[in-house]
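Trainee: below are the sequence and a predicted model for it; my questions follow.
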Amino acid sequence: MYYYDANGVSLGGVLVRPIAGPIPGQAMCSVPTIGGTSRSRVEHFNFRGLLSFDLAQSEAVSGIERRHGVDIHVSSVSVIIEGLNILNMFIADRIVARLAAEHDPRNDEPNIITTGSYFDNLRVAGHAVEVKTAHNVFYELPTYAACRAAWKGGSLRTKLQQQGNQELWSYHCGAPVRNNLFRRSDYQRRTPVREYVQD
């Protein structure tokens with residue numbers, strides 16, 4: 001029996017400053033282990049005047065698709081946030097995150113697909129930011145094993161150095177970089193990211 005695992009959370013976490021406390025999870029969805037669908041939608045959310053959004057929705061789908069006589073196990077999760085505003089510093093008209101997994105039972109691992117994730121009109125500290133996605137990395141290296149082999153061989157490191165920010169991906173050099181979805185942005189070239197994430 002195949003067990004599915006597909007979950008999505010549009011927004012959630014814990015704030016440390018300027019006030020400490022958990023952010024209740026918003027627009028969450030989860031499919032049963034046997035497969036199925038789940039959807040959630042939240043409108044006009046505002047957390048203590050610190051962060052807000054106009055709309056958040058998530059959807060998770062899992063099941064079997066028959067292709068060329070073979071049952072392929074497919075799971076996909078999509079999360080969309082519109083009108084996001086965090087401390088008037090991180091503002092985006094729309095953020096879309098999509099993740100899909102396709103598992104052919106003849107293979108040990110599923111293929112991971114990130115195509116469809118993007119930022120629309122992202123601004124950080126008033127500066128327009130163009131995020132260039134690196135979906136081609138996952139297209140060329142769709143499994144963990146493929147990423148690991150490319151990482152050990154050095155080709156993935158070279159690719160990420162050419163496409164991304166050394167400071168961002170170097171923290172993950174102990175393991176294959178499965179979460180390096182986005183390339184360096186124009187704003188990152190002008191202002192190091194660490195200025196916004198470190199004390």
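Mentor: Okay, I see it.

Trainee: quick one: the strands in the protein?
Mentor: Counting by DSSP state E, the chain has strands at residues 7-15, 21-30, 36-47, 51-67, 70-86, 90-103, 111-113, 118-124, 127-129.

Trainee: turn the ones you listed into TSV, columns for mean pLDDT and distance to E140.
Mentor: (Glycine included, C-beta is placed from N, CA and C.) Output for these, formatted as TSV (pLDDT from 0 to 100; distance: least, CB to CB, whole Å):
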stretch	mean pLDDT	distance to E140
strand 7-15	92	26
strand 21-30	94	30
strand 36-47	96	30
strand 51-67	95	21
strand 70-86	95	20
strand 90-103	94	16
strand 111-113	88	11
strand 118-124	94	19
strand 127-129	91	26
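
Trainee: quick one: furthest residue from the center of the chain?
Mentor: Distance from the C-alpha centroid of the chain, by CA atoms, centre = their mean, peaks at G69 (31.8 Å).

Trainee: can you tell me what sits against stretch 97-117?
Mentor: Contacting residues not belonging to stretch 97-117 are listed as 2, 70-80, 96, 133, 135, 138-139, 142-145, 178, 181 [CB atoms under 8 Å, 6 or more residues apart in numbering].

Trainee: tell me the bridge partners for the residue nearest the centre of the chain.
Mentor: The structure's the chain has its C-alpha centroid closest to A97; by CA atoms, centre = their mean the separation is 5.2 Å. Beta-bridge pairing for A97 (DSSP bridges): V79.

Trainee: what's the spacing between it and L156?
Mentor: 22 Å (CB to CB, to the nearest Å).

Trainee: how about S75?
Mentor: S75 is 24 Å from L156, where distance means CB to CB.

Trainee: K132 now?
Mentor: Distance from K132 to L156, by CB to CB: 17 Å.

Trainee: those two: which has the busier surroundings?
Mentor: Taking neighbours as other CB atoms under 10 Å, K132 and L156 compare with L156 leading, 22 against 12.

Trainee: what is the burial count for the nearest residue to that one once chain neighbours are set aside?
Mentor: Residue nearest to L156 in three dimensions, not counting chain neighbours: A150, with 3.8 Å by CB to CB, 6 or more residues apart in numbering. Residues lying near A150 (other CB under 10 Å) number 20.
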